[in-house]
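Undergrad: Requesting a structural model of the entry that follows:
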Amino acid sequence: MGVLSNVLGFATFGLAARFGQLGIQKRNIFSNPGGHVIAMAAFGFAGYWAHQWDIRAAEIIAEKKSALEQRRRKQIAQAEALGSQQLAEAE
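TA: Numbering: from 1, shown residues only. All right, here's what the predicted structure looks like:
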């Protein structure tokens, strides 16, 4: 998912949350547009942060997966070496 769609999605949610807040307070929705901008900016930043975290989490997972594969290959090589050594001693 792209940065723009993430930021716009979170900003739209922020605007809806602001409308919900004003609705609960029974205030006019269009009385203070500056509050809408602040809510959208704050939630938009949260969307940007979520996107950056998603990218970083994917990198961390790829690094861990690579390390796990290398460790497994090393363990398999050691087990095969040990098995061939035991077969050579048995003969």
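
Undergrad: Give the other helices and strands that the longest helix seen in the chain contacts.
TA: The residue-count maximum for a helix in the chain (DSSP state H) belongs to helix 33-90. Applying 3 or more CB pairs under 8 Å, 6 or more residues apart in numbering; DSSP states H and E, one finds that helix 33-90 contacts helix 3-24. For every residue, glycine as well, the C-beta is placed using N, CA and C.

Undergrad: Please identify the buried residues of the helix it packs on?
TA: Asn6, Val7, Phe10, Ala11, Phe13, Gly14, Leu15, Arg18, Leu22 (16 or more other CB atoms under 10 Å).

Undergrad: where does this structure have low pLDDT?
TA: Where the chain drops to pLDDT under 70, the residues are 1, 91.

Undergrad: Would you point out which residue is most central in it?
TA: Closest residue to the average C-alpha location of the chain: Asp54 at 2.6 Å, with CA atoms, centre = their mean.

Undergrad: Against Ala77, how distant is that residue?
TA: 35 Å (CB to CB, to the nearest Å).

Undergrad: Please apply the same query to Ala88.
TA: Distance of Ala88 to Ala77, computed by CB to CB: 16 Å.

Undergrad: Next: Ala16.
TA: Ala16 is 56 Å from Ala77, by CB to CB.

Undergrad: Gln21 now?
TA: Distance, Gln21 to Ala77, using CB to CB: 61 Å.

Undergrad: Then Phe45?
TA: Distance, Phe45 to Ala77, using CB to CB: 48 Å.

Undergrad: Looking at those two, which one has more neighbours?
TA: Neighbour totals were compared for Phe45 and Ala77, and Phe45 leads with 14 against 10 (other CB atoms under 10 Å).

Undergrad: Enumerate every residue touching the more buried one.
TA: Phe45 makes contact with no residue under the criterion CB atoms under 8 Å, 6 or more residues apart in numbering.
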